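Asker: compute the structure for the input listed below.
(chains A and B)
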There are 2 protein chains.
Amino acid sequence: MNSDTLDTLDTLDTPAAIVDISRMERNIATMQKRMDTFGVRFRPHVKTTKCLDVIRAQLRAGARGVTVSTLKEAEACFAAGIVDILYAVGIVPSKLARAMALKRLGCDLKLVVDNLAAAEAIVSYCLDEGDAFEVWIEVDTDGHRAGIEPEQDALLDVARTLHEGGMRVGGVMAHAGSSYELHTPEALRALAEQERARCVRAAERLRESGIDCPTVSVGSTPTALSAANLDGVTEVRAGVYVYFDLVMHNVGVCRLDDLALSVLTTVIGHNPEKGWVFVDAGWMAMSRDRGTSKQARDFQYGLPCAIDGTPIEGHLLIAANQEHGILTATDTKPGSMPESTTSASDETDVTTRFPLGTKLRIFPNHACATGAQFSEYHALAPSGELTVWQRLHGW
Amino acid sequence: MNSDTLDTLDTLDTPAAIVDISRMERNIATMQKRMDTFGVRFRPHVKTTKCLDVIRAQLRAGARGVTVSTLKEAEACFAAGIVDILYAVGIVPSKLARAMALKRLGCDLKLVVDNLAAAEAIVSYCLDEGDAFEVWIEVDTDGHRAGIEPEQDALLDVARTLHEGGMRVGGVMAHAGSSYELHTPEALRALAEQERARCVRAAERLRESGIDCPTVSVGSTPTALSAANLDGVTEVRAGVYVYFDLVMHNVGVCRLDDLALSVLTTVIGHNPEKGWVFVDAGWMAMSRDRGTSKQARDFQYGLPCAIDGTPIEGHLLIAANQEHGILTATDTKPGSMPESTTSASDETDVTTRFPLGTKLRIFPNHACATGAQFSEYHALAPSGELTVWQRLHGW
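Answerer: Modelled structure (predicted):
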């Protein structure tokens, strides 16, 4: 029931997910320029936005192909004319038919495996179908999650199984997800180098065993922005860099004024005694993501800003129910657990400073999680004009 | 791209949100019977499911009207023929036009306020429009969130402003949300009594001042299931009772075999050294809700079950990335922080016990948050037949 045209931040129904187009374009340009300087291809991960308007902006800036986290994203990208697609979550037998349907339509879909059972399942399926997939092997470079370590026997076992089964072993890929736990340039640079070196080593082992492995793909937003050397890497992937968020701010790879996603909200009430301001951005809008909870600066459920995007110093969204958020003045000393610090003498402040109906914007902890709560973004142009950008939902 | 017909749990694409219809119907019947015995109306909160198939089942069982958390839910319910709707989040001026549009179509929409500014805004808007709303006043019975305390002057100020401005003051409503923090029958019964007594007291104060206040509405799932006395209450509201979840299990108002919502997932890989099983239910499927983290038993990101819904003892979903969940054996002593307890000697167990492609179901911490991650439920009949039930997304 939202009006899709002529709305401004002042008139738009809340809560709404606002994308600052200028900041987004700047984030895209900065990353692309960095990758161009390194001479590597850049393949954005579209799981952050699930939005074709954003993906097209990334491709216009020079991105080559996309990374997806679901087959639904792959299908939507392909339907929009994007052919080069990496499905970066380990494939399972039950998803092969859906992947093959996409390939047969002409999609250059690459699958990922990190274990022999999956490789065997692909080969077996393709034997039955009289067809083949391009498959990349996931390499574990930091013990973070999935993947085969570069020196493990399994790396060659999987590659040979695929190769001998008629699949194209198109590359190796790594994601140093532990980069999210770091917060110094030195540590990030070291992890980026580890991600690079180990992934390149995996590719070398494949090549030494006679398997081509043309692509060496690495990336996470923090390592992509911290790498000093990408020798041997052919492409980099990153997702959240397009919007950034409070987690990335704490990691140290962006400034607050790079954050391109915020949640527009309205003040719906107060508890003056407690110094609480109720807003209509609860966890249904912000998500339950508390990614900053273990970082040096805990932003609780988000950092409130004025409607123009200026952070409101000393305030946080300290709690969230489904459709209620609670904003209050807090102790913002790094590492402390914010509590309401409003005393009885401030009782009138909360209703006069944030009157009923006041519109605010909240920077989220995690742009991927917050975006997923919305079926659409409202993209904000420098002129103040808003455009609706649809998002995918579900699988 | 999911096939909507003839799928079974064995063939359905994952992740998927599964509703066990038998358990859901039993939960609905139990709550309705309890309310019928008390002689009070029951008005389910549809924010949990946002699904007309479920709402219709609640109405068939005897529910009278619905509670909504967004105007989108109100619009969808009204379009489906449901007229009696309580919008239970404090109204703000910017949402009055959308609410009035619904009322003018014939919807018996009731608004909620807990402050004078909102009451004045309603009166002012209706004066301009030459129309009126029915408004209920939110009462704070437990200091949990919003509302006016029953003895505060503001209660009568708000009521008089509405009444004299031509609005119908249709009732008072309270939500003892702090019930989620309790876990003994005695404490829950005491809070239910507090919720009842304070809300009834607010109604009495209104009536003493000459305002009719026909409805006294209370409720949360824990208090609705724990109240020993509902004297003076005319209706009860509850939402999550329809599915229950691990948080409600810890509160003590349901058993594990009452849980009607689970996430169907597939094993996509392993880290045998760490005893990790990767599944395709990450936080995008489970949500980031960690509602059990502060309860006596922390279920991390969820309790894994076999495909038939039988909990897998000693295992939890210990971590979640966007499309990856990590399941492992854990120390399940109440109150402890589960860590992987698999030793090197168990290395083979994880791949043989949970082979690639194995389907599992995961009980979520919070049914409202997990459901919101999906655009549809798959409703499971006792026969094994699955039916797609659509959910609302967004505002």
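Asker: mind listing what the residue of the stretch 201-350 of chain A found nearest chain B touches?
Answerer: Closest to chain B within the stretch 201-350 of chain A is residue A:288: 3.8 Å, counting by CB to the nearest CB. Placement of C-beta: from N, CA and C, glycine included. Counting by CB atoms under 8 Å, 6 or more residues apart in numbering or on different chains, residue A:288 makes contact with A:320, A:369, B:287, B:288, B:289, B:290, B:366, B:369.
Asker: cool, and residue A:365?
Answerer: Per CB under 8 Å, 6+ apart, neighbours of residue A:365: A:245, A:246, A:247, A:286, A:287, A:289, A:290, A:291, A:292, A:299, A:301, A:302.
Asker: in helices, which of the residues you listed appear?
Answerer: A:246, A:247, A:286 (DSSP state H).
Asker: pull the longest helix from chain A.
Answerer: helix A:185-208.
Asker: how about it: buried residues?
Answerer: A:187-189, A:191-203, A:205-206 (16 or more other CB atoms under 10 Å in any protein chain shown).
Asker: helix or strand right after it?
Answerer: Where DSSP states H and E defines the elements, the next helix or strand beyond helix A:185-208 is strand A:215-218.
Asker: show residues contacting that following strand.
Answerer: Outside strand A:215-218, the residues that touch it by CB under 8 Å, 6+ apart are A:43, A:86, A:136, A:141, A:170-176, A:195-196, A:199-200, A:203, A:230, A:232-237.
Asker: can I have the buried ones of those residues as a PyMOL selection?
Answerer: Buried subset of the contacts of strand A:215-218, written as a PyMOL selection, criterion 16+ other CB under 10 Å:
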select buried, chain A and resi 43+86+136+141+170+171+172+173+174+175+176+195+196+199+200+203+230+233+234+235+236+237
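Asker: go through the contacts of strand A:215-218 and flag which are in strands.
Answerer: Among the contacts of strand A:215-218, DSSP state E puts A:43, A:86, A:136, A:170, A:171, A:172, A:173, A:174, A:235, A:236, A:237 in strands.
Asker: if we ignore the residues flanking it in sequence, what's nearest the fourth one?
Answerer: Meaning residue A:170. residue A:134 (4.3 Å; CB to CB, 6 or more residues apart in numbering or on different chains).
Asker: what packs against the helix or strand of chain A with the lowest mean pLDDT?
Answerer: Least confident helix or strand, chain A: helix A:347-353 with a mean of 80, by mean pLDDT, DSSP states H and E. Helices and strands touching helix A:347-353, by 3 or more CB pairs under 8 Å, 6 or more residues apart in numbering or on different chains; DSSP states H and E, are strand A:261-271.
Asker: continuing past the strand it packs on, what's the next helix or strand?
Answerer: strand A:276-279.
Asker: and residue A:222, what does it touch?
Answerer: Taking CB under 8 Å, 6+ apart, one finds A:176, A:179, A:180, A:182, A:188, A:191, A:192, A:248, A:251, A:253 in contact with residue A:222.
Asker: for it, which non-adjacent residue is spatially closest?
Answerer: residue A:179 (3.7 Å).
Asker: in a helix, that neighbour, correct?
Answerer: Yes: looking at residue A:179 with DSSP: H, G, I helix; E, B strand; the rest coil, it is inside a helix.
Asker: hang on, it packs against residue A:224?
Answerer: No: judged on CB atoms under 8 Å, residue A:179 makes no contact with residue A:224 at a distance of 9.1 Å.
Asker: between these two, which contacts overlap?
Answerer: Residues touching both residue A:179 and residue A:224 by CB under 8 Å, 6+ apart: residue A:192.
Asker: ok, residue A:271 - how many residues close by?
Answerer: 23 (other CB atoms under 10 Å in any protein chain shown).
Asker: oh, I was asking about residue A:97
Answerer: If you count neighbours by other CB under 10 Å, residue A:97 ends up with 12.
Asker: same question for residue A:261.
Answerer: By other CB under 10 Å, the residues close to residue A:261 number 28.
Asker: quickly list what it is bridged to.
Answerer: residue A:19 (DSSP bridges).
Asker: how near is it to residue A:93?
Answerer: Residue A:261 sits 36 Å away from residue A:93, going by CB to CB, to the nearest Å.
Asker: equivalent analysis for residue A:132, please.
Answerer: 16 Å.
Asker: ok, residue A:297 next?
Answerer: According to CB to CB, residue A:297 and residue A:93 sit 44 Å apart.
Asker: CA-only coordinates of the longest helix of chain A in CSV, if you can.
Answerer: Output in CSV follows, covering the C-alpha atoms of helix A:185-208 (Å, rounded to 0.1, in the frame of the first residue of the first chain):
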residue,chain,number,x,y,z
PRO,A,185,44.9,-3.3,9.4
GLU,A,186,47.9,-5.5,10.2
ALA,A,187,45.8,-8.5,11.1
LEU,A,188,43.5,-8.0,8.1
ARG,A,189,46.5,-7.7,5.8
ALA,A,190,48.0,-10.9,7.2
LEU,A,191,44.7,-12.8,6.8
ALA,A,192,44.3,-11.6,3.3
GLU,A,193,47.8,-12.8,2.5
GLN,A,194,47.0,-16.2,4.1
GLU,A,195,43.8,-16.5,2.1
ARG,A,196,45.7,-15.6,-1.1
ALA,A,197,48.7,-17.9,-0.5
ARG,A,198,46.7,-20.9,0.6
CYS,A,199,44.2,-20.6,-2.2
VAL,A,200,47.0,-20.2,-4.8
ARG,A,201,48.8,-23.2,-3.3
ALA,A,202,45.6,-25.3,-3.8
ALA,A,203,45.5,-24.2,-7.4
GLU,A,204,49.2,-25.1,-7.9
ARG,A,205,48.6,-28.6,-6.5
LEU,A,206,45.8,-29.1,-8.9
ARG,A,207,47.9,-27.9,-11.8
GLU,A,208,50.9,-30.1,-10.7
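Asker: and that helix, how far from the chain's centre?
Answerer: Helix A:185-208 has its C-alpha centroid displaced from the chain centroid by 22 Å (CA atoms, centre = their mean, to the nearest Å).
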